[in-house]
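Engineer: Here is my input, please return the structure:
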Amino acid sequence: MKKLFFLIVFLMAVVVVVGFVLGGNEDSWICQFGQWVKHGNPSSAKPDGGCEQGVINRTKERLEDISVCYSPNGGRMDFVKAKEIAKNYCVEGELKDEHFCNETKGTWWIYFQPNNPKKDCNPVCIVDVEKETAELNWRCAGVVNPEN
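Structural biologist: Model (predicted):
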């Protein structure tokens, strides 16, 4: 009977110790429904930035800024450099934030809002990773009369 009692006490002690060790820090700030909520008694100040969607958006922006496009020949260019090159070639309008890498061609495609839009066209500024040049591609739908 004594052995059973000590076994039960020992198991309870193990559960308590494991709960404290693996339970994590009870004194912290927790993001709930877009707001920082005090949990316990945190030693640090409330975080400056927003939480949930704000954190997701900032992380996404940072990932896009450091994203890299590779060419079939091994060339590479990050998006920040591609946007700087595009600013020198696609000047008659505004570069948009939407972009993607075409690794088959080794080009960045940056969406573009022209000052003088063309009907049925969806322009992009295409930056060549290896040549470090860019050109405006109007991407017009249907048959386009070359005189227009």
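Engineer: give the contact list for the nearest residue to residue 130 once chain neighbours are set aside.
Structural biologist: Excluding its sequence neighbours, the residue lying closest to residue 130 (CB to CB, 6 or more residues apart in numbering) is residue 75, at 4.1 Å. To be clear about C-beta, it is placed using only N, CA and C from the backbone, and glycine gets the same treatment. Contact analysis of residue 75 by CB atoms under 8 Å, 6 or more residues apart in numbering lists 106, 129, 130.
Engineer: Just the pLDDT at residue 75, thanks.
Structural biologist: At residue 75, the predicted lDDT confidence score is 91.
Engineer: same deal with residue 26?
Structural biologist: 68.
Engineer: where in this structure is pLDDT low?
Structural biologist: Applying pLDDT under 70 to the chain flags the ranges 4-7, 13-26, 33-34, 49-66, 142-148.
Engineer: all strands for the chain, in order.
Structural biologist: 28-32, 35-39, 68-70, 76-78, 93-102, 107-114, 124-128, 133-137 (DSSP state E).
Engineer: In stretch 87-94, which residues are buried?
Structural biologist: Under the neighbour-count criterion of 16 or more other CB atoms under 10 Å, stretch 87-94 has residue 90 buried.
Engineer: Return it as CSV; C-alpha atoms alone will do.
Structural biologist: Taking C-alpha atoms only, stretch 87-94 is exported to CSV below (Å, rounded to 0.1, in the frame of the first residue of the first chain):
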residue,chain,number,x,y,z
LYS,A,87,11.8,52.9,-63.1
ASN,A,88,14.3,53.8,-65.8
TYR,A,89,12.6,52.1,-68.7
CYS,A,90,8.9,52.2,-67.9
VAL,A,91,8.5,55.9,-67.3
GLU,A,92,5.2,56.9,-68.8
GLY,A,93,3.1,55.8,-65.8
GLU,A,94,3.3,54.1,-62.4
